[in-house]
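Coordinates only, no sequence provided:
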């Protein structure tokens, strides 16, 4: 994303907020902390020149003990190769599943509209199986995403898994195939899951919204609200030991008011009866390979939290 594109993106967001009767804030009226977070969020919107995609990733700070030196070096090489291979497949980063760069930019919410769907979504709690839940909602037309989608992308994987990954929403490949995380970002996620000793079939993967937002834009608060009942019931039925939220949208959906992903990642949080570990979305890692160091730190914690000895 170059600067003209960034400015166009911001302009469109401001126009959208204006339509929602949101007024612009003078930056001088913002507390210094919020202003700093806003600036950090804008900074994350601009891709940094990460250099050669095959550049060795720095994992030096992960562990220093000689006992783990060899295994860490092997894991380091595997992740470096995985990220480089995934990036080589990307000919145009604009067709990546869009991972919202930062929820530090305030998210506009419509509590009244969200509240109005709560009674409607309570019916999901009566469904006793994931397949039944999928069938109940596969023809959903409750929001504006229904008419524009090709496929209802419910989720896939081990329905009794101890580990549940939650992304933002389907991209173009997912909308075409009807499965979550099957595009370029999904391939990187598969490799990262493999590095921690698991297969894709060992985990369950889904998204907050089940239909692709046009042009991979952020889902709106209304769209998220219509799908939250489905996601909540998915969590209840899978009943994982750990939920890993990939990026800002799922983290904010399950943990409203959370700071941006760069601040919330890597620390264990609580959603109802379940533990949540936020981390970066794989598409963000493809655009920002330097963040792989932090992502790997997060993934190392997965075994500790989901599969305690």
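Great, that's in hand. None of these values were measured; they are calculated from a predicted model.

Which residue ranges of this protein form helices?
Ranges of helices in the chain, per DSSP state H, are 3-19, 32-45, 69-88, 111-116, 118-121, 130-137, 172-177, 184-195, 221-238, 248-254, 261-264, 282-287, 292-306.

Could you list the low-confidence segments of the chain?
For the chain, the stretches with pLDDT under 70 are 1-125, 309.

can you rerun that using 90?
1-128, 195-196, 215-216, 218, 300, 303-309 (pLDDT under 90).

was I right about residue 213 contacting residue 224?
No: taking contacts as CB atoms under 8 Å, residue 213 lies outside contact range of residue 224: 10.3 Å. (Each C-beta comes from the backbone N, C-alpha and C, glycine too.)

check contacts around residue 200.
By CB atoms under 8 Å, 6 or more residues apart in numbering, residue 200 lies in contact with 157, 190, 193.

what's the neighbour count on the last one?
Translated: residue 193. 21 (other CB atoms under 10 Å).

now residue 154
20.

Now it. Nearest residue, chain neighbours left out?
Excluding its sequence neighbours, the residue lying closest to residue 154 (CB to CB, 6 or more residues apart in numbering) is residue 134, at 4.2 Å.

From residue 277, how far out is that neighbour?
The gap separating residue 134 from residue 277 is 25 Å, by CB to CB, to the nearest Å.

Same check on residue 232?
Counting by CB to CB - residue 232 and residue 277 are separated by 18 Å.

Repeat that for residue 152.
Taking CB to CB, one finds residue 152 at 27 Å from residue 277.

Can you pick out the residue with more neighbours from the two?
residue 277 (23 against 17).

could you list every residue that touches the more buried one?
Residue 277 touches 242-245, 266-269, 298, 301-302, 305, counting by CB under 8 Å, 6+ apart.

Which of those sits closest to residue 182?
The nearest member of the contacts of residue 277 to residue 182, counting by CB to CB, is residue 244 at 17.8 Å.

How many residues are close by that closest one?
That count, for residue 244 with other CB under 10 Å as the rule, works out to 26.

That one contacts residue 161, doesn't it?
No: counting by CB under 8 Å, residue 244 does not reach residue 161; the two are 11.1 Å apart.

From residue 292, how far off is the closest residue to residue 137 other than its chain neighbours?
Spatial nearest neighbour of residue 137, chain neighbours left out: residue 230 (5.7 Å); criterion: CB to CB, 6+ apart. Look at residue 230 and residue 292: by CB to CB, they are 31 Å apart.

What of residue 286?
10 Å.

do residue 252 as well
With CB to CB as the criterion, residue 252 and residue 292 are 23 Å apart.

same question, residue 260
Distance from residue 260 to residue 292, by CB to CB: 18 Å.

swap in residue 241?
For residue 241 relative to residue 292 (CB to CB), the value is 25 Å.

what about the two, which has more around it?
Taking other CB under 10 Å, residue 241 and residue 292 do not tie; residue 292 has more neighbours (24 against 15).

if we can go back for a sec, can the contacts of residue 277 go into JSON lines with extra columns for distance to residue 180?
Output for those, formatted as JSON lines (distance: CB to CB, whole Å):
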{"residue": "242", "distance to residue 180": "18"}
{"residue": "243", "distance to residue 180": "15"}
{"residue": "244", "distance to residue 180": "13"}
{"residue": "245", "distance to residue 180": "14"}
{"residue": "266", "distance to residue 180": "23"}
{"residue": "267", "distance to residue 180": "25"}
{"residue": "268", "distance to residue 180": "24"}
{"residue": "269", "distance to residue 180": "22"}
{"residue": "298", "distance to residue 180": "19"}
{"residue": "301", "distance to residue 180": "22"}
{"residue": "302", "distance to residue 180": "18"}
{"residue": "305", "distance to residue 180": "22"}
